[in-house]
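Colleague: With the input below, show me the fold.
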Amino acid sequence: MVQKLVVGLTGGFGVGKSSVAQLFKNLGAEVIDADEIAHDAMKKGSPVFDLIIELFEEALHPGGKKMDREMLAEIVFDDPKKRKELEAIIHPYVYKKIKERIEESSRRVILVEVPLLFEAGFETLCGKVVTVTCNSTVKMKRLKNKKFTEQEVRARERAQMPEALKAQKANLIIDNSKSIYQTQREVERIWYKFVSLTKS
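Modeller: Predicted coordinates for the structure are as follows:
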């Protein structure tokens, strides 16, 4: 039987978690993306779709098959109470799906990418946690290139645990402020640590 290591990957908004996850995937990790599962929850046919509609009917796409995620983001990042209500529906669904995917996986290292890992209590699924950090100037520049306004970035940051605290709670930290080559070297170094843990 394969000994599995489940690794939580988290970090603040815009630090480049998905790029880091892709580097781990290239090395052989199975990557489970919590955001992807949350997006599926917002499509017609998902077990929680109707509950979300009840709360956010105004964010339903014409045709009623899925939510307008941009409008939904605008609503919840402006209203902490609404955000909590949405999270109370989405988080248990995502947690259950991740747990199922971990159990089905035959990989040694399974990386679970969850922006709100600590906030939602998902670290309980993980043997190790990696927090991705990024210098705020570099991060802001990257996000502005993706057409985010400073106001949108700040609203998303307020909805999360401070980056420094996420780093403090993690077992390992990857600084993604530098070149992709340097980040890759860092990911490789950590990867070999993880692989050796699955063999011990």
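Colleague: Name the nearest residue to the most centrally placed residue in the chain, sequence neighbours excluded.
Modeller: Centroid-nearest residue in the chain: residue 114, 2.6 Å away (criterion: C-alpha atoms, centre = their mean). Nearest residue to residue 114 in three dimensions, chain neighbours excluded: residue 34, at 4.1 Å (C-beta to C-beta, 6 or more residues apart in numbering). Backbone N, C-alpha and C define where each C-beta goes, glycine included.
Colleague: what's the answer for residue 65, then?
Modeller: Distance criterion C-beta to C-beta, 6+ apart; nearest residue to residue 65, sequence neighbours excluded, is residue 44 at 4.6 Å.
Colleague: pretty sure the residue nearest to residue 114 contacts residue 125?
Modeller: No: using C-beta atoms under 8 Å, residue 34 is not in contact with residue 125, being 10.4 Å away.
Colleague: where do the contact lists of the two overlap?
Modeller: 98, 112 (C-beta atoms under 8 Å, 6 or more residues apart in numbering).
Colleague: Settle it for me: which of the two has more neighbours?
Modeller: In this view residue 34 and residue 125 are compared by other C-beta atoms under 10 Å, and residue 34 has more residues nearby, 24 against 18.
Colleague: Distance of that one relative to residue 78?
Modeller: From residue 34 across to residue 78, the span is 22 Å (C-beta to C-beta, to the nearest Å).
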